[in-house]
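[1] A structural model of the following input is requested.
(one chain, ligands or ions: 1)
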Amino acid sequence: MKRPANFVILLLCVQMSALNAAPSAAVHEAPSVIPMPVSMQVKAGEPGFSMSEGIKVHYSVSRCEVGRAAIRAFMAAGLQMIPEENEGELTVAIESGKGKEWYALEVTPQGISVRVGSEQALHYAAQTLAHSVVKDAEGLPALPCMQVEDEPLLPYRGLMLDPCRHPQTVEQTRKMLRIMARYKLNRFHWHLADDQGWRIEIKSYPRLTEVGSRREETPTLANHEVGDGTPTEPFYFTQDEVREIVAYANSLGITVIPEIEVPGHSSAAIAAYPELGNTDVPGYAPRVATTWGVLPYTYAPRENTLKFLENVFAEVCELFPRAEFVHIGGDEAPREQWDNSPFARSFMQQNGLRSSGHIQHWFTHRMAEMMARHGRRIVGWDEIMDDGEVPSDAVVMYWRSWVRPCALRRALRAGHEVIQSPDSHFYFNFSQGKLPANPQYKPHGSLTAEQDWRHVYSYNPIPENLTPEQRRLIIGLQANCWSESIADGRKLEYQTVPRICALAEVAWCAPTLKNEAEFLERIRAQYPWFEAQQINYRREDGSPAL
Ligand code: ACM
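    Reported below is the predicted structural model:
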């Protein structure tokens, strides 16, 4: 039977009754939206909706739940709203039978109608409108008359930041969230613990931050083999700051996915609580790492380690209530300490583990069970698959583009959902090509390939020859911004912007819609926003904007 229900409207906030609304002068300028909506029809040359005074919101919209959510989302996107008016220029409706991130817009000279699949999509409707404000024939701000219907290709569109190698302030993190929201990214992957620093307050283990949040020195930017000889100040996010950032991200339509590395990249935690490591290996002397790269310290497969992880992740789950996934790291865990530890060797024997790699496998299963008890699923870097099957609901974050057989294909064949962040395209710490003369801009990473926005834009997230089921398993795309060479916010912005625009477009739009020359024009249309936000974006000649 044909469903008549596509247009069933569950919740509707008020009619527009903007009889007095003044249309704008004719609008000739075309809007420039990133990522490009799936369908966008613009009536050029006709009067549009005047944005000189903002959008009047009728009382009844302000009093309806979805209406209030719309006002918040529109204001967060920078649109001016005039609430509690007798006349209204906005209607908001939630429609059943649509995807959560689906939205449709209709702009006329009298008003704006927004329909969404869920409140989440109000953020996307708001951003599309914010990108679409242009100048009318009199030079005043206006929206052209238009109809938009839009929905993303991939449900997880993320950016990872690493405050472990170099600190990132709360304010800088908030700024990065605003940039993400502008381009409809919806997941902030926050890498909060690594060898070089533990960056989140855990009340039940105060030494994690007392000891783990500072180090004796840091490799210099000019030469990573040489330390700067300067102890760092303690740096970590208090639980109040974490809550503040999580709430701020939520207000922008972004969910924060925390990452605590298990079982490798854990020197800072083991320095704080040495009993967590492989205490019986020769020369055991854990400390917060002062070099980059892969360090030998891994957690020991003991009950007390599991208890520690249980307690830490319990606090983490409480701080990140909306995170459906918790990232457990899992990359680059060396086996050498387990091989050299009499305790780890006897543990392997007792548990029938064939090799030390299976200790990581054991940890991954324990973490998955632990997270399931909190109603969460684990995400891990693609190494989690290297030593045998992991729980089928574990999400694999694909990063090792060079490993064969391809980790992406392996994950899909094993039936795992996958978030792609291959280092061949989405390592925003890598070089973008021509560098500014300033040595502070030297990038990190051994790959010589230049990953400028064009390279990012060329990526096809849906590889050839997938079955429909495998296609469905590709849930996301993410860029990673490791911070070994990113010592401050200006460099972070330079590495991220405008590549983030290309990431957003590739994650949102069907690959068949891509057009590099036309996309460049839309990037250029973003420059005034970058400038208004004081973003140190990378200019076309490779120089930093600020
Ligand atoms: C990684 O770059 N080690 C995930």
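[2] where does the protein come near the ligand, residue by residue?
    Within the chain, the positions near the ligand by Cβ under 6 Å from any ligand atom are 331-332, 381, 399. No exception for glycine: its C-beta is placed from N, CA and C like everyone else's.
[3] 8 Å - rerun?
    With Cβ under 8 Å from any ligand atom as the criterion, the chain meets the ligand at residues 265, 331-332, 381, 397, 399-400, 421, 423, 427, 480, 482.
[4] Please indicate which of these are buried?
    Of the members of those, the ones counted as buried by neighbours, 16 or more other Cβ atoms under 10 Å, are 265, 331, 381, 397, 399-400, 421, 423, 427, 480, 482.
[5] Tell me where the stretch 301-450 of the chain has strands.
    For the stretch 301-450 of the chain, the strands defined by DSSP state E, counting those that start in this stretch occupy 325-327, 377-381, 395-398, 418-420.
[6] helices or strands next to the last one in the packing?
    Contacts defined by 3 or more Cβ pairs under 8 Å, 6 or more residues apart in numbering; DSSP states H and E place strand 418-420 against strand 395-398, helix 407-413, strand 474-481.
[7] if we can go back for a sec, include mean pLDDT and distance to residue 463 when you put the strands of the stretch 301-450 of the chain into JSON lines, please.
    Shown next, in JSON lines, are the strands of the stretch 301-450 of the chain (pLDDT from 0 to 100; distance: least, Cβ to Cβ, whole Å):
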{"stretch": "strand 325-327", "mean pLDDT": "98", "distance to residue 463": "23"}
{"stretch": "strand 377-381", "mean pLDDT": "98", "distance to residue 463": "19"}
{"stretch": "strand 395-398", "mean pLDDT": "98", "distance to residue 463": "11"}
{"stretch": "strand 418-420", "mean pLDDT": "98", "distance to residue 463": "9"}
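[8] Stretch 145-159: which residues count as buried?
    Buried residues in stretch 145-159 (16+ other Cβ under 10 Å): 145-146, 148-159.
[9] For that stretch, the averaged confidence score.
    For stretch 145-159, mean pLDDT is 98.
[10] got the end-to-end distance for that stretch?
    Distance between the boundary residues of stretch 145-159 (Cα to Cα, to the nearest Å) amounts to 33 Å.
[11] Per-residue pLDDT of the residue in the chain that the ligand sits nearest to, please?
    Going by Cβ to the nearest ligand atom, the ligand is nearest to residue 331 of the chain, at 4.0 Å. On pLDDT, residue 331 comes in at 98.
[12] Name the nearest residue to it, ignoring sequence neighbours.
    Nearest residue to residue 331, sequence neighbours excluded (Cβ to Cβ, 6 or more residues apart in numbering): residue 381, at 3.6 Å.
[13] how far away is that neighbour from residue 419?
    10 Å (Cβ to Cβ, to the nearest Å).
[14] buried ones in stretch 318-334?
    319-320, 323, 325-331, 333-334.
[15] ranking the helices and strands packed on strand 418-420 by burial, who's on top?
    Mean neighbours per residue, mean count of other Cβ atoms under 10 Å, is largest over these for strand 395-398, with a mean of 26.
[16] Put the alpha carbons of that one into CSV.
    Only the C-alpha atoms of strand 395-398 are listed here, as CSV (Å, rounded to 0.1, in the frame of the first residue of the first chain):
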residue,chain,number,x,y,z
VAL,A,395,32.9,0.6,15.5
VAL,A,396,36.2,0.6,13.6
MET,A,397,37.9,3.9,13.0
TYR,A,398,39.9,3.4,9.8
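[17] Now do it: distance to the chain's middle.
    Offset of strand 395-398 from its chain centre (Cα atoms, centre = their mean, to the nearest Å): 14 Å.
[18] Same check on stretch 172-182?
    Counting by Cα atoms, centre = their mean, stretch 172-182 comes out at 10 Å from the chain centroid.
[19] One more: stretch 306-321?
    21 Å.
[20] What of stretch 390-397?
    Here the centre of stretch 390-397 is set off from its chain's centre by 19 Å, with Cα atoms, centre = their mean.
[21] what's the span of it from first residue to last?
    End-to-end span of stretch 390-397 (Cα to Cα): 13 Å.
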